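Peer 1: need a 3D model of the sequence below.
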Amino acid sequence: MAKEKKSKKAAIVKFIVIVCLTIIVLGIGAVSFHYYRRYAVRQEQIRMAQMQRQEEQARLMRMRKAFIKKVGPIAKQVDKSYDLLPSITIAQACLESNYGQSELAQKYNNLFGVKGTNPNTSAVLTTKEYVKGKWVNVKARFQIYDSYEASIRAHARLFQNGTTWNHNQYKHVLAAKDYKKQAKALVQDGYATDPDYAKKLTDLIEQFNLDKYDEK
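Peer 2: Coordinates of the predicted model:
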């Protein structure tokens, strides 16, 4: 009888141990599955975000190349008469109009932020300018053009003719015969207020191989 009771007690203990172990295993499995699912979901979110970034970057690159393809031949045709390098003009148009996406470019074909004075041929917009070491928002009147070609031609005439107060304002720009020197000359001659302007231009030229438009 004692042996039978002892055997039953052992069986009960064994059963309890098995049940406990089963619960522990199931619990570990459930926790593991929960964390694995969270990990899998997170990895999928990261993958989707990366794909979206890549698609957006590809879209931006297509847009930028399309803009360059549009203004490149115009700049090459116009600049050959003005001692200017088309690569510089194209890079300026890219930088100053955000590849043709700025309000000025889209509404008024103004690629270079050229100011205007006549209310009949200009529009008032808000823009950013580098003043006393910092960027500030300012309202100004900007020239309206009927085409990209008109904007590029007016841009070239500015360098050729200088300003109303100094006809030799851009003499270093006109004297420079490679894009790096011409980019630096734009800052030297007071065209740009951004201290990093020359580097931004040369970076764009080298990124998109714009100097191919300088070839005769």
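
Peer 1: so residue 141: helix, strand or coil?
Peer 2: strand (DSSP: H, G, I helix; E, B strand; the rest coil).

Peer 1: I'd like the next helix or strand past the longest helix anywhere in the chain.
Peer 2: Across the chain, the helix with the greatest residue count (assigned by DSSP state H) is helix 2-79. Once the chain leaves helix 2-79, the next helix or strand it forms, by DSSP states H and E, is helix 86-97.

Peer 1: how far does that next one sit from its chain's centre?
Peer 2: Taking C-alpha atoms, centre = their mean, to the nearest Å, one finds helix 86-97 lying 14 Å from the centre of the chain it belongs to.

Peer 1: what's downstream of that helix, the next helix or strand?
Peer 2: Heading towards the C-terminus - elements assigned by DSSP H and E - helix 86-97 is followed by helix 103-108.

Peer 1: from residue 81, how far off is the residue nearest to residue 198 when sequence neighbours are not counted?
Peer 2: Nearest residue to residue 198, sequence neighbours excluded (C-beta to C-beta, 6 or more residues apart in numbering): residue 183, at 4.1 Å. C-betas here are computed from N, CA, C, even on glycine. Using C-beta to C-beta, to the nearest Å, residue 183 is found at 21 Å from residue 81.

Peer 1: between those two, tell me which one has more neighbours.
Peer 2: Between residue 183 and residue 81, counted using other C-beta atoms under 10 Å, the more crowded position is residue 183 (27 against 11).
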